[in-house]
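In: The sequence and its predicted three-dimensional model are supplied below.
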Amino acid sequence: MHRDVFIPLQHSHRTQLLSHPMFRAILQQSSGRVVLPLLGRQYLRQNVSRFGFVRFSASRSQPIRILYASQTGTAKLFAYQLSEELSDHYPNRDISVKGWHEINNPRELFAAGSLHVFMTSVAGVGEPPDNGKKFYSWIMNNKNNPSLNGLDYCVFGLGSTAGHLPYYNVIGKNLDKRLEELGASRVLEIGLGDDGDCIEDDFDNWSANFMDLLEDAPDAGGTSKADEVSVAQDGAQVETSKPSTSQEGDSPRIKCPGVALADDETRMISSKYPTLNLIPRKADTVRHHLFKEDGSNPNSFYSKGTLKFDVISNKHAEINGGESGMNEMEVMLSEYSSNKMCNYEAGDHLVIYPVNSQCVVEALLDNLDVDRHAIISVEGQPESYPFPTGLTVYETLSHCADLGALVSPNFVRMILQRKDIDYKAEIAHPRRTLIDLLFQHQRKLSLEDLLFQIAPMKPRYYSIASSSVKNPTRIRLLYRRIKYVTSLGYQREGVCTSYLSYKGDLGNQDTRKAHLAAYINRNTEFRLPKEGHVPILMIAVGCGVSPIRALLEERVALIESGRRLGSARLFLGFRTPDDEVFKAPVEEAIKIGALDDVSVTFASGDKDKRLVTDVLLDEGEYVWNHFESGGVAFVCGGARSFGAAVEDVLLKIFQLHGSLDYSDSEQYLRRVINEKKIMDELA
């Protein structure tokens with residue numbers, strides 16, 4: 001009789017096993033696991049490249065280093081989620097998380113004897129994240145890199161098939177290949193997360209494979225956890241344990257006078273996460289931002305360089321745009337700033353920290369059994385607590401937790417009290433939020449279970465719609481309030497656009513100002529050519545007109561200062577004629593000579609409804625000659641798929657007017673992109 005063992009296996013490879021006559025009769029699946037006899041284990045060892053695993057030599061006592069590079073925070077979030085799961089399964093194992101940017105000498109990233117887990121996203125057009133550029137350049141380009149023989153590693157990449165498809169997960173793929181070239185040993189095939197579909201589900205599946213790999217690894221005595229499974233009569237050994245939960249009625253409770261709402265002054269705590277030290281409220285007010293009275297940043301939640309901006313104006317940018325129309329906001333640095341100059345350039349972003357909707361926050365607070373204004377004390381908190389201390393529970397949920405974000409798969413399992421979930425169908429596609437899950441399933445959470453698992457609030461990037469050459473003290477933004485109904489019939493609003501829409505302006509007669517917590521992100525890959533004579537082509541739809549307005553405003557200011565500039569042509573697309581914005585700045589640019597011509601199209605609501613890509617194709621000869629003469633192009637749109645649509649049209653143009661076949665047209669497109677002749681700003 002063979003002893004059955006768990007073999008960690010990627011789901012996509014199971015059909016390959018079923019096609020093999022030896023496995024077809026014995027393959028069994030349970031709880032996302034695959035159970036095979038020892039004979040199958042030996043076969044898999046010899047055919048690992050086909051089935052997702054490369055080797056089985058990692059040890060269960062081996063330290064694990066999780067190393068991330070993140071542009072918007074998702075890779076960092078995944079890194080800490082994996083660390084948490086590892087710590088839960090292996091409490092005595094040495095597990096650490098670091099950003100690529102946190103170590104001065106890149107060689108220090110490679111600790112001897114450790115299993116290295118690399119996580120990285122893609123920024124821009126095939127670029128590494130800003131906080132990973134130094135390490136990525138070193139590992140990819142340094143001819144004197146050391147041999148990495150004996151180093152165990154695996155990679156999870158974050159990308160999107162909805163954007164530049166040729167650059168999908170290119171940073172993770174390049175890193176995975178480079179580490180192998182340097183002699184490192186891949187323990188698990190690269191995971192590819194697709195933000196164009198459901199990246200949370202992709203990461204959940206990959207991390208499950210990773211955890212299975214570790215369970216299969218031998219301990220110091222050479223015995224794997226799988227080998228310790230008791231002998232199964234018919235080959236089926238199933239893991240049935242439920243996720244840990246802190247539901248009301250079975251969770252531990254502690255005495256918490258002045259904080260707990262229960263008559264006996266006790267509150268729920270987590271059976272998994274460390275207990276927070278709460279102290280009674282001092283007031284019932286809620287701060288609108290996390291700055292001190294002098295405008296300084298009192299904690300590390302806001303990124304370095306975050307400043308307090310005053311909202312000078314906030315108005316509809318259209319006459320009949322409706323609730324989904326575009327809005328225009330103007331901000332300037334707060335009175336507390338010692339430097340009134342907004343140090344930015346056309347093409348940069350204003351990165352804004354939003355605040356959650358008050359009704360959503362209060363609905364979640366009603367689910368808790370603690371005073372909403374109780375203070376999370378500065379003293380006595382566990383090191384793993386993810387948010388600033390000294391805030392009230394209300395303020396923490398308002399400013400620090402993203403209540404509109406998708407709940408992580410493991411958090412979903414805890415709430416639903418089952419392991420077997422179809423994350424895409426149950427959570428991602430119907431966009432079910434934490435509030436939905438708690439109310440629909442009548443669940444109660446401890447404060448600890450909530451705060452240790454909820455996604456942190458990520459700042460949102462907005463393209464600046466003004467030029468510091470023209471207006472150095474103020475910044476203009478364009479945004480569209482996001483509102484939609486889910487497949488389950490629930491109305492949703494974008495966290496940040498909803499927040500911005502309520503930032504009022506009471507006019508010049510009132511000295512009070514609304515505030516934003518924001519910082520300026522340098523987008524050096526999106527700039528007007530330094531040589532003014534270079535012709536430019538601008539292509540934009542919807543809110544993509546925002547950075548285009550900044551470029552036009554800068555060209556107007558340069559011409560007014562006496563500069564001679566090359567030709568410029570603009571192709572604009574809007575949903576309807578009512579959606580068109582910034583007509584006056586465009587007309588001014590044409591009048592002064594900063595813009596030679598503009599073509600405006602409408603996708604609906606007009607008898608000549610057309611798409612921007614249709615007009616580009618009609619003007620294909622002009623577009624081809626533009627690139628052949630050394631011109632540059634700016635592509636801007638609110639949807640990442642717009643960039644792919646423009647690339648498809650350019651390929652057709654290069655074939656038709658450049659007499660290139662498809663392969664040559666692809667090479668031509670890649671060359672102009674790599675030479676920075678095409679720059680994009682795609683949300």
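Out: Arrived safely, thanks for sending.
In: Could you report the neighbour count for the residue nearest to A518 when sequence neighbours are not counted?
Out: Closest residue to A518 apart from its sequence neighbours, by C-beta to C-beta, 6 or more residues apart in numbering: I352 at 4.5 Å. Quick note: C-beta positions are derived from backbone N, CA and C, even for glycine. As a burial measure, I352 scores 22 neighbours (other C-beta atoms under 10 Å).
In: again with G380
Out: 11.
In: picking up where we left off before, show me the beta-bridge partners of the residue nearest to A518.
Out: R460, A518 (DSSP bridges).
In: At the geometric centre of the chain, which residue sits there?
Out: By C-alpha atoms, centre = their mean, the mean C-alpha position of the chain lies nearest to T74, the distance being 4.0 Å.
In: for the closest residue in space to that residue that isn't next to it in sequence, helix, strand, or coil?
Out: Using C-beta to C-beta, 6+ apart and skipping residues adjacent in sequence, the residue nearest T74 is L158, 6.0 Å away. Here L158 is strand, with the state taken from DSSP: H, G, I helix; E, B strand; the rest coil.
In: Beta-bridge partners for L158, please?
Out: Beta-bridge partners recorded for L158 (DSSP bridges): S121, G193.
In: ok, it touching D195?
Out: Yes. Using C-beta atoms under 8 Å, L158 is in contact with D195, at 6.8 Å.
In: So for these two, which sits in the more crowded spot?
Out: Using other C-beta under 10 Å, the more surrounded residue of L158 and D195 is L158, with 28 against 19.
In: coming back round to it: report the separation between the residue nearest to A518 and S463.
Out: Using C-beta to C-beta, to the nearest Å, I352 is found at 12 Å from S463.
In: quick revisit: which ones are touching the residue nearest to the centre of the chain?
Out: S121, L158, D195, I199, K458 (C-beta atoms under 8 Å, 6 or more residues apart in numbering).
In: Including pLDDT, could these go into CSV?
Out: What follows is those, written out as CSV (pLDDT from 0 to 100):
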residue, pLDDT
S121, 94
L158, 95
D195, 89
I199, 93
K458, 90
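In: Is it possible to get the residues you listed out as TSV so that each row also shows distance to T392?
Out: Putting these into TSV (distance: C-beta to C-beta, whole Å) gives the following:
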residue	distance to T392
S121	33
L158	34
D195	34
I199	33
K458	22
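In: Among these, which one sits closest to P128?
Out: S121 (8.4 Å; C-beta to C-beta).
In: count of neighbours near the closest one?
Out: Neighbour tally, S121, other C-beta under 10 Å: 28.
In: Surely it and S70 touch.
Out: Yes. S121 lies in contact with S70 (C-beta under 8 Å); the separation is 5.9 Å.
In: what is in contact with these two at once?
Out: In contact with both S121 and S70: P129, using C-beta under 8 Å, 6+ apart.
In: Can you give me the end-to-end span of stretch 70-78?
Out: 10 Å (C-alpha to C-alpha, to the nearest Å).
In: Name the residues of it that are buried.
Out: Neighbour-count burial for stretch 70-78, counted by 16 or more other C-beta atoms under 10 Å, picks out S70, Q71, T72, G73, T74, A75, K76, L77, F78.
In: Work out the gap between stretch 145-158 and the centre of the chain.
Out: 24 Å (C-alpha atoms, centre = their mean, to the nearest Å).
In: With stretch 135-143 instead?
Out: 25 Å.
In: before we move on, what about stretch 154-164?
Out: Its chain's C-alpha centre and that of stretch 154-164 lie 11 Å apart, by C-alpha atoms, centre = their mean.
In: for stretch 89-103, same thing?
Out: Its chain's C-alpha centre and that of stretch 89-103 lie 21 Å apart, by C-alpha atoms, centre = their mean.
In: which residues touch that stretch?
Out: 60-61, 63-70, 76, 79-80, 83, 86-87, 106, 109, 114, 120, 131-132, 134-136, 211, 214.
In: just to revisit the earlier point, quick check: the farthest pair among the buried residues of stretch 70-78?
Out: Within those, two members stand farthest from each other by C-beta to C-beta: Q71 and F78, at 12.9 Å.
In: Identify the residues contacting Y167.
Out: For Y167, the residues meeting the contact criterion (C-beta under 8 Å, 6+ apart) are V122, V125, G126, G159.
In: Turn those into a markdown table, including distance to G638.
Out: A markdown table is the format used below for these (distance: C-beta to C-beta, whole Å):
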| residue | distance to G638 |
| --- | --- |
| V122 | 19 |
| V125 | 17 |
| G126 | 21 |
| G159 | 19 |
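In: among these, which one has the lowest pLDDT?
Out: Note: of the contacts of Y167, the lowest pLDDT belongs to V125, at 73.
In: Surely it and V672 touch.
Out: No. Under the criterion of C-beta under 8 Å, V125 makes no contact with V672, lying 11.0 Å away.
In: coming back round to it: okay, the residue nearest to the centre of the chain and N674: tell me how far apart.
Out: 26 Å.
In: K483 too?
Out: Using C-beta to C-beta, K483 is found at 39 Å from N674.
In: So those two - more neighbours on which side?
Out: Neighbours were counted for K483 and for N674 using other C-beta under 10 Å; K483 has more, 14 against 11.
In: What backbone torsions are found at the more buried one?
Out: Main-chain dihedrals, K483, degrees, to the nearest 10: phi -140, psi 130.
In: what pairs with it across the strands?
Out: Going by DSSP bridges, K483 is paired in beta bridges with E493.
In: Could you list which residues are in contact with it?
Out: Contacts of K483 (C-beta under 8 Å, 6+ apart): E323, S324, Q491, R492, E493, G494.
In: For D436, pull up the helix or strand it's in.
Out: Assigned by DSSP states H and E, D436 falls within helix 434-440.
In: hmm, who's touching the helix or strand following that helix?
Out: For helix 434-440, the following helix or strand on the C-terminal side (DSSP H and E) is helix 447-451. Contacts to helix 447-451, defined as C-beta under 8 Å, 6+ apart, come from residues 245-246, 267-270, 272-276, 278, 364, 368, 370, 385-387, 393, 396, 401, 414.
In: Now, those residues that are in strands?
Out: Mapping these onto strands (DSSP state E) picks out R267, M268, L278.
In: just to revisit the earlier point, list the residues that contact both of V125 and V672?
Out: Listed contacts common to V125 and V672 are I678; contacts here mean C-beta under 8 Å, 6+ apart.
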